[in-house]
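Visitor: Generate a structure from the sequence data that follows.
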Amino acid sequence: MIISRTPFRVSFVGGGSDLKAYYSNNKFGSVVSAAIQKYIYIVIHPYFHNKIRLKYSLTEDVETIDEIKHPIIRACLQKVKLNSGIEITSFADIPSGTGLGSSSSFTVGLLHALYAHQGIVRTKPQLAEEACEIELDILKGSGGKQDQYAAAFGNINYVKFYEDESVDVSPLNLDQSIIKNFESSLRLYYMGSSRKANSILKDQKKNMSDKNRVKIMEKMVCLSENFKDSLKNNDFELVGKLLDKNWNYKKKMAEKISNNYIDKLYSIALKNGAIGGKLLGAGETGFLLIMAHDHQSIEKNMDCRLLKVNFDLVGSKIIYKD
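Guide: Presented below is the predicted three-dimensional model:
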């Protein structure tokens, strides 16, 4: 039996520049993001019957890979050439569709577990690259590349996406005191419900042909380097302001990214001491990331379930093998 554990992620600035529609027409895209200690677990166990059994939100029991309904599982099994006699189950700390990159964490974690089941070692770059290949090239997904790299690598990273499809992952290597202070300044407020990101991401892709929106994205890319430097310099006031600026830019990239409810909650947070924040993921719902020196007043006035943030510094990992 194999169990993989793969983190979800929080994206701070530059999101959207990891879309091919942007970085393939510009020198590069860049983001600052971090893996967090909320995980998806993939369990692989030999199946007594010469079949494939899958347990996720549905249960599938099939004879061949081609019969599998779940597109990511089907593509991953085809990739690693594992045909039968296997049972796959998944568990997650947080529901999918909430803006924490869960689909890519699932893909990375599944690949990691499948390879480990066969006794094959894959590096973090290989896991991220193969997850991107499956989600973006094989399945023609509308997302970008940052989630796969955050899930595979873990840590707090400055990531650049180049025209030639190469990706450079630079860990910020922050002092432990800065990491602890940064964690304590962040909260995730749950907006409720979940959604598929495809329609919003398709709008963002379409808007990459709009010169004004491309200029906005260029500003967001510049913010990522400023954010990295201000975080390394322990300047949390500037970090919060850059988050806020990024959120205001992001809302201009597509119509459905925000709504009245999200804007109202964000306004409440700012009035009660927040120094910045943004909605995570493509838009509309999920988690609102809020940064503040003190969250007490914000928590009292935000009628939302909240999560504290702790960073995962390891990335996708095999936590059990027997």
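Visitor: in the chain, which spans are helices?
Guide: Taking DSSP state H, the helices of the chain run over residues 20-23, 71-80, 102-117, 124-132, 146-153, 176-185, 198-207, 211-232, 236-250, 260-271, 296-301.
Visitor: Report all helices and strands that the longest strand seen in the chain contacts.
Guide: Ranked by residue count and defined by DSSP state E, the top strand of the chain is strand 28-46. If contacts are counted by 3 or more CB pairs under 8 Å, 6 or more residues apart in numbering; DSSP states H and E, strand 28-46 sits against strand 2-13, strand 86-92, helix 102-117, helix 146-153, strand 156-162, helix 211-232. (C-beta placed from N, C-alpha, C; glycine too.)
Visitor: Just name whatever secondary elements the fifth one is in contact with.
Guide: In terms of contacts (3+ CB pairs under 8 Å, 6+ apart), strand 156-162 is packed against strand 28-46, helix 146-153, strand 167-171, helix 211-232.
Visitor: could I have that strand exported to PDB, CA atoms only?
Guide: Only the C-alpha atoms of strand 156-162 are listed here, as PDB (Å, rounded to 0.1, in the frame of the first residue of the first chain):
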ATOM      1  CA  ILE A 156       7.200  29.700  -0.300                       C
ATOM      2  CA  ASN A 157       8.500  30.300  -3.800                       C
ATOM      3  CA  TYR A 158       9.000  33.000  -6.500                       C
ATOM      4  CA  VAL A 159       8.200  31.100  -9.700                       C
ATOM      5  CA  LYS A 160       8.900  32.300 -13.300                       C
ATOM      6  CA  PHE A 161       7.200  30.900 -16.400                       C
ATOM      7  CA  TYR A 162       9.100  31.400 -19.700                       C
END
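Visitor: neighbouring contacts of that strand?
Guide: Counting by CB atoms under 8 Å, 6 or more residues apart in numbering, the neighbours of strand 156-162 from elsewhere in the structure are 17-18, 23, 27-35, 144-146, 149-150, 167-172, 174, 179, 182, 224-225, 228, 231, 311.
Visitor: Just checking the distance from that strand to the centre of its chain.
Guide: How far strand 156-162 lies from its chain's middle: 13 Å, per CA atoms, centre = their mean, to the nearest Å.
Visitor: Check the average confidence over it, would you?
Guide: For strand 156-162, the mean per-residue pLDDT is 98.
Visitor: Okay, angle between that strand and helix 146-153 too, please.
Guide: Counting by axes from the mean of the first three to the mean of the last three CA atoms, to 10 degrees, strand 156-162 points 130 degrees away from the direction of helix 146-153.
Visitor: Give the partner strands of strand 156-162 in its sheet and their orientations.
Guide: Strands flanking strand 156-162 in the sheet, each with its direction: strand 28-46 (antiparallel), strand 167-171 (antiparallel) (DSSP bridges).
Visitor: List the buried residues for the longest one?
Guide: Judged by neighbour count (16 or more other CB atoms under 10 Å), strand 28-46 contains these buried residues: 28-44.
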